[in-house]
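Undergrad: I'll drop the sequence and a predicted model, then ask my questions.
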Amino acid sequence: MEAGTAASHSTGSKTISDLMACAAEQFADRVAVRHKVDGDWRDVTYAEVGDVVREIGLGLIDLGIAPGERVSLLCNTRPEWTYCDFAITSAGAVVVPIYPTNSPEECEWVAGNSESVAVVCEDASQVAKIVAVRERLPDLRTIVVIDPAGETADAISLDEVRERGRGRDVAELEARTAAVTPEDPFTFIYTSGTTGPPKGCVLTHGNYRRVVTMLESAGAVLEDEVTYLFLPLAHAYALLIQLVNFDVGTTIAYYGGDSTQIVPELQQVSPTYLPSVPRVFEKIYTLALSSQAPEVQEKMRAAAKLGVQVRDLQVRGEEVPAELLEPFEAAEEQLFKNVRGIFGGRVRQAVSGAAPIAKEILEFFYGCGVPVLEGYGMTETATVATYSTIEHHRFGSVGRVLPGVEARIAEDGELLIKGDNIFQGYYRNDDASFGAIIDGWLHTGDLGSIDDDGYVYITGRKKDIIITAGGKNLTPANLENDIKQSRWVSQAVMHGDRRPYPVMLIALDEEEIVPWAKEHGIEETSIAALAENDQVRALIQAELDKANAKYAQVEQIKRFFILDHDLSQETGELTPTLKVKRNVVNEKYAERFDALYGGGTG
């Protein structure tokens, strides 16, 4: 847990519009962007990023984009996403991110509902989605394409936009930027949501500028940070991480675009700061433990527990007794440094957000010297409302509220949030069934508690709570997280609302289960075949028995079925941050769930 330099100052920007211009001037020679070009990592300075953003911003003005108009951004996480985002904002327009995994119909909904006049697409495959629905987008005037190779219809290349920008007076862009106020909308972020069509959260420059300042005052990001970013920039979580980093002049290393290469890239980049979602930490936890025999795994977990004890003493500045220090130093040599090595060896802090994560995983990594800390928020709170630090965290808690944010628990257990980070409502949608703001308090839809020291705990989602036929309230995430710690399991979804007992859908982890099957002489190793295999069922049953043992009889999973594929965004079962869309899963596999109650074994 290396010490770093606290950020002594930020850009001092008044809005998000002027943030990049201020950063380019103040941090000119520092590295802003690190990205892969033909397999090699290249650096781009703040001054260079500022030039690119200025050219694109002026080019958008040349294309007729007016202040307040919406421009959609349909692109994977890469530097050009960032350049276009800041350029749109600097020209006084509003950014509307679209997930690159969206179907043409989903793209149509976001671009159409937001009345976007232009869409910036990554490549020909994304242009094709917009072309397919263009006749139903009456407001759309222009398509811009970042990589113009292939069939891109009448899209204008980003290079051409920059060229057009070079021919205009920079004063035009400066005037646009200066005219933006904190009350103006900065972005409409469409919540991928686990129910219904996405709703566009209207978030102002003031919302995000204040949240960035709140995080900086809490010391969330240090001045010499290197952040590895693979999260979708279309999601509020990645967007905020990017804004905070650029506001204090740190380096962001953008992943190369292949999610299977995240661990190798972590080792190449050696980041100090790693924002991620639970699924990635779960996979790395499995990677660290899975190759070991059960008795070695137990020793590793015990060593990590010792690590937690010692590191807590060190953080508090207390002396570590010799009887703890000696085994700790041995574990440091044999285990801890190897686990840190998976992350590149330099991670000062990792942050897990967007979904719950098992406490055991957090404790294991912290004990090994990779603090994975939780925060909490939602798009409607401009990404974040609570945060944890190495000095102030409690495992199982999502931390304490940011400076300037208030939280309380309603009579029915719902968490309510108040502050300058609360969004301005949903665009062209008065639906107040969720995300309602009453007397300034945002009703989050999450159930929680707050302890005497102000630490917030999320106990479940109001609409996810399962009430069995016997009236027992169950929180699915707890047992799901426990079973997902198994190396063989990729996803687990509990089902059982108004049913006699809970059952579960299991999706296998292909990378782990296929080698196991081969070792055990199973000839047919497709996931579909393994889902039906008796040896695999017995293996999963044993894992389930282990997880069930922690719970009361009424909470235990009685039956399960194994899916013939993994859940994914492409099949519509996961959100872009890999959260399960429960309503989709329940509906799609209703017959399979029904069969588990009909006397079959699934």
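TA: Done, it's in.
Undergrad: low-scoring pLDDT stretches of the stretch 1-150 of the chain, where are they?
TA: Residue ranges of the stretch 1-150 of the chain with pLDDT under 70: 1-8.
Undergrad: Okay, strands next: where are they in it?
TA: Counting by DSSP state E, counting those that start in this stretch, one finds strands in the stretch 1-150 of the chain at the ranges 31-37, 40-45, 70-74, 94-98, 118-121, 142-145.
Undergrad: Can I get the fifth one as CSV, trimmed to CA atoms?
TA: Yep, that's strand 118-121 we're talking about. Taking C-alpha atoms only, strand 118-121 is exported to CSV below (Å, rounded to 0.1, in the frame of the first residue of the first chain):
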residue,chain,number,x,y,z
ALA,A,118,-25.4,14.1,-34.3
VAL,A,119,-24.0,10.7,-33.4
VAL,A,120,-20.2,10.0,-33.1
CYS,A,121,-19.7,6.3,-33.9
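Undergrad: mind listing what that strand pairs with, with the direction of each?
TA: Sheet pairing of strand 118-121 (DSSP bridges) gives strand 70-74 (parallel), strand 142-145 (parallel).
Undergrad: Run the chain-centre distance for it.
TA: Centroid separation for strand 118-121 versus its chain: 23 Å, with CA atoms, centre = their mean, to the nearest Å.
Undergrad: same thing with the third one?
TA: Counting by CA atoms, centre = their mean, strand 70-74 is centred 20 Å from the centre of its parent chain.
Undergrad: Who are the packing partners of the strand or helix carrying Cys201?
TA: In the assignment (DSSP states H and E), Cys201 maps to strand 200-204. Secondary-structure packing of strand 200-204 (3 or more CB pairs under 8 Å, 6 or more residues apart in numbering; DSSP states H and E): strand 185-190. Every residue, glycine included, has its C-beta placed from N, CA and C.
Undergrad: what packs against the strand it packs on?
TA: Strand 185-190 sits against strand 94-98, helix 104-113, strand 200-204, helix 205-217, helix 236-248, with contacts defined as 3+ CB pairs under 8 Å, 6+ apart.
Undergrad: among the ones you listed, which is nearest Ala132?
TA: Ala132 sits nearest to helix 104-113 of all these, at 4.3 Å, using CB to CB.
Undergrad: between that closest one and strand 70-74, what angle do the directions make?
TA: 160 degrees (axes from the mean of the first three to the mean of the last three CA atoms, to 10 degrees).
Undergrad: Could you export the strands of the stretch 1-150 of the chain to TSV, including columns for mean neighbour count and distance to Val310?
TA: Formatted as TSV, the strands of the stretch 1-150 of the chain follow (neighbours: other CB atoms under 10 Å; distance: least, CB to CB, whole Å):
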stretch	mean neighbour count	distance to Val310
strand 31-37	19	33
strand 40-45	14	35
strand 70-74	27	46
strand 94-98	25	43
strand 118-121	28	50
strand 142-145	22	53
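Undergrad: Show me the one of those strands that comes nearest Val584.
TA: strand 94-98 (19.5 Å).
Undergrad: Can you tell me what sits against that closest one?
TA: With CB atoms under 8 Å, 6 or more residues apart in numbering as the test, strand 94-98 has contacts from 68-74, 85, 88-89, 106-107, 110-111, 114, 116, 119, 185-190, 200, 233-235, 239.
Undergrad: And Asn478, its phi and psi?
TA: Taking degrees, to the nearest 10, you get phi -60, psi -60 for the backbone angles of Asn478.
Undergrad: which residues in the stretch 501-602 of the chain form strands?
TA: 503-508, 559-562.
Undergrad: and among those strands, the most buried is which?
TA: Burial of those is given as mean neighbour count (mean count of other CB atoms under 10 Å); strand 503-508 ranks first at a mean of 24.
Undergrad: Give me the sheet partners of that strand and which way each runs.
TA: Under the criterion DSSP bridges, strand 503-508 sits next to strand 489-495 (antiparallel), strand 559-562 (parallel) in its sheet.
Undergrad: if we can go back for a sec, Throw the strands paired with strand 118-121 into JSON lines and include distance to Glu543, thanks.
TA: Formatted as JSON lines, the strands paired with strand 118-121 follow (distance: least, CB to CB, whole Å):
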{"stretch": "strand 70-74", "distance to Glu543": "40"}
{"stretch": "strand 142-145", "distance to Glu543": "47"}
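Undergrad: pull the helix or strand with minimum mean pLDDT from this structure.
TA: strand 473-474 (a mean of 80; mean pLDDT, DSSP states H and E).
Undergrad: so the strand holding Cys201 versus helix 236-248, what angle?
TA: 20 degrees.
Undergrad: then strand 200-204 to CSV, C-alphas only?
TA: The C-alpha atoms that make up strand 200-204 are tabulated as CSV, following Å, rounded to 0.1, in the frame of the first residue of the first chain:
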residue,chain,number,x,y,z
GLY,A,200,-32.2,9.6,-19.5
CYS,A,201,-30.8,11.1,-16.3
VAL,A,202,-30.3,14.8,-16.8
LEU,A,203,-27.0,15.7,-15.0
THR,A,204,-25.7,19.3,-14.9
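Undergrad: What lies in contact with that strand?
TA: If you take CB under 8 Å, 6+ apart as the criterion, strand 200-204 is touched by 96, 110, 113-114, 182-191, 236, 379-380, 382, 423-429, 435.
Undergrad: hmm, back to that, for the strands paired with strand 118-121, which one sits closest to Val296?
TA: Between those, strand 70-74 lies closest to Val296; by CB to CB that is 46.7 Å.
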